[in-house]
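In: here is my input, please return the structure:
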Amino acid sequence: MMKKLTVLAIAALLLAACGGLDSAVKKGEIAPTFTDTKVDGKYLWVRGFGAANPAHTTSAQKRIMSREAAIAQGYQRAAEHIYGTGVYAQMSVKDAVMQDSSIDNTIKGLVLGMGIYKTEYMNDDAATVIMRLSLSKLKAVNIEVK
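Out: The predicted structure is shown next:
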């Protein structure tokens, strides 16, 4: 019995040490809660989503293109985390009531060496990817990520 508990405890520690992001897909749909960005001791982890274009006629085409969109969003999230985001917001108020609002954001930066760790698809062929970037690679070019 003690041996089984020891094995289970070691397995739990190994799983906890793996880091990364948990799946954002539950039963073929986007999970109600998930984490988009995480920094552990070794990596910057980011998640990207890509919707399937209904104009595409095959599941393969939908999946390929939604994955490409998810990868692009993953790079965007990494650049946001590393370099920050410029935000420009505008709001119109008339008679103390907001009439309209717009928010634009811009991100500029170069992200090299990021790898795709995991790809998942949803029932509608949308995709999510988990990507990671080694913190040591960032540190080598004098970028500190918190």
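
In: who does Val93 bridge with?
Out: According to DSSP bridges, the partner residues bridging Val93 are Met98.

In: swap in Thr37?
Out: Applying DSSP bridges, one finds that Thr37 bridges with Val46.

In: please renumber so the chain begins at 756
Out: In the new numbering, first residue 756, that becomes Thr792.

In: verify the stated contact: it with Trp800.
Out: Yes - with contact defined as CB atoms under 8 Å, Thr792 counts as touching Trp800 (6.9 Å). From N, CA and C alone the C-beta is placed, and that goes for glycine too.

In: in terms of neighbours, single out the busier of these two.
Out: More neighbours surround Trp800 than the other of Thr792 and Trp800, with 23 against 14 (other CB atoms under 10 Å).

In: quick one: residues contacting the more buried one.
Out: Going by CB atoms under 8 Å, 6 or more residues apart in numbering, Trp800 touches Gly774, Gly775, Leu776, Thr792, Lys793, Val794, Tyr872, Ile885, Met886, Arg887.

In: check Ser891 too.
Out: Residues touching Ser891, when contacts are defined by CB under 8 Å, 6+ apart, comprise Lys797.

In: so it, which state does it fall into?
Out: Classification of Ser891 by DSSP: H, G, I helix; E, B strand; the rest coil places it in helix.

In: contact partners for the spatially most central residue of the chain?
Out: Centroid-nearest residue in the chain: Arg802, 1.2 Å away (criterion: CA atoms, centre = their mean). Under the criterion of CB under 8 Å, 6+ apart, the contact partners of Arg802 comprise Leu776, Ala779, Phe789, Thr790, Asp791, Thr792, Gly829, Arg832, Thr883, Val884, Ile885, Met886.

In: so which of those is the most crowded?
Out: The most neighbours, when those are compared by other CB under 10 Å, belong to Gly829, which has 28 neighbours.

In: leaving out chain neighbours, which residue sits closest to that residue?
Out: Gly803 (3.2 Å; CB to CB, 6 or more residues apart in numbering).

In: what is the subsequent helix or strand relative to the host helix or strand of that neighbour?
Out: Of the helices and strands defined by DSSP states H and E, Gly803 is found in strand 798-805. Remark: after strand 798-805, the chain's next helix or strand is helix 814-838, criterion DSSP H and E.
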